[in-house]
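Peer 1: Here is my input, please return the structure:
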Amino acid sequence: QVQLVESGGGLVQPGGSLRLSCAASEITFSRYVMSWYRQTPGKERELVAAIGTAGYSTNYADSVKGRFTISRDNAKNTLYLQMNSLKPEDTAVYYCATRTATYDYWGQGTQVTVSS
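Peer 2: As a prediction, the model looks like this:
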C-alpha cells in the first residue's frame, strides 16, 4: 500500500525557516510528479509547489515564490520543502501528494504554525 509520510512541521517565529520531508513507500517514486499542498480551516486545499520526476522542473504558488524551495531525492524516495522567511499566513497543515494513473495519494499532513 502506498504511503506518504510527512515530517518536519512545528512552531516557528515569523522570518524563520522549516524544512518539511515526505517519505514515500510502496511506489516507484521517481516516476511521479510530486506536490506539496496546504490547507487552513474553512479554506480549500491549495497547491504550494510541484516538482517533475527528475527534479529539474518546478513550479510554485505566487504566494511562496522566492521563499520556498521544493526538491526531491529519488534515491531516498523523499520529497522536501524548504520554507524560508515564513509569515503568519503560511500557517497551515501541509500535505505531500502524487497522482498516479489510477489514484491520488495524500499524506496525513504536518502542521506548520508561524507565530511570535
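
Peer 1: surely Arg67 meets Gln82?
Peer 2: No: taking contacts as CB atoms under 8 Å, Arg67 lies outside contact range of Gln82: 9.2 Å. From N, CA and C alone the C-beta is placed, and that goes for glycine too.

Peer 1: so how many other residues sit close to Gln1?
Peer 2: Gln1 is flanked by 6 other residues according to other CB atoms under 10 Å.

Peer 1: before we move on, what about Tyr103?
Peer 2: By the criterion of other CB under 10 Å, Tyr103 has 8 neighbours.

Peer 1: which residues touch it?
Peer 2: Applying CB atoms under 8 Å, 6 or more residues apart in numbering, one finds that Tyr103 lies in contact with Val2.

Peer 1: Break down the chain into its strands, ranges please.
Peer 2: With DSSP state E as the criterion, the chain has strands at 3-7, 10-12, 18-25, 34-39, 46-51, 58-60, 68-73, 78-83, 92-99, 104-106, 110-114.

Peer 1: could you dump the ones you listed to a markdown table with mean pLDDT and mean neighbour count?
Peer 2: Output for the strands of the chain, formatted as a markdown table (pLDDT from 0 to 100; neighbours: other CB atoms under 10 Å):
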| stretch | mean pLDDT | mean neighbour count |
| --- | --- | --- |
| strand 3-7 | 96 | 17 |
| strand 10-12 | 98 | 14 |
| strand 18-25 | 97 | 19 |
| strand 34-39 | 98 | 22 |
| strand 46-51 | 98 | 18 |
| strand 58-60 | 97 | 15 |
| strand 68-73 | 98 | 18 |
| strand 78-83 | 98 | 22 |
| strand 92-99 | 97 | 21 |
| strand 104-106 | 96 | 14 |
| strand 110-114 | 98 | 18 |
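
Peer 1: Return the set of residues that bridge with the residue nearest to Val5 when sequence neighbours are not counted.
Peer 2: Nearest-residue entry for Val5: Ala23, 4.9 Å, with adjacent residues in sequence omitted and distances by CB to CB, 6 or more residues apart in numbering. On the basis of DSSP bridges, Ala23 is bridged to Val5, Thr78.

Peer 1: cool, and Met83?
Peer 2: Beta-bridge partners, per DSSP bridges, of Met83: Leu18, Phe68.
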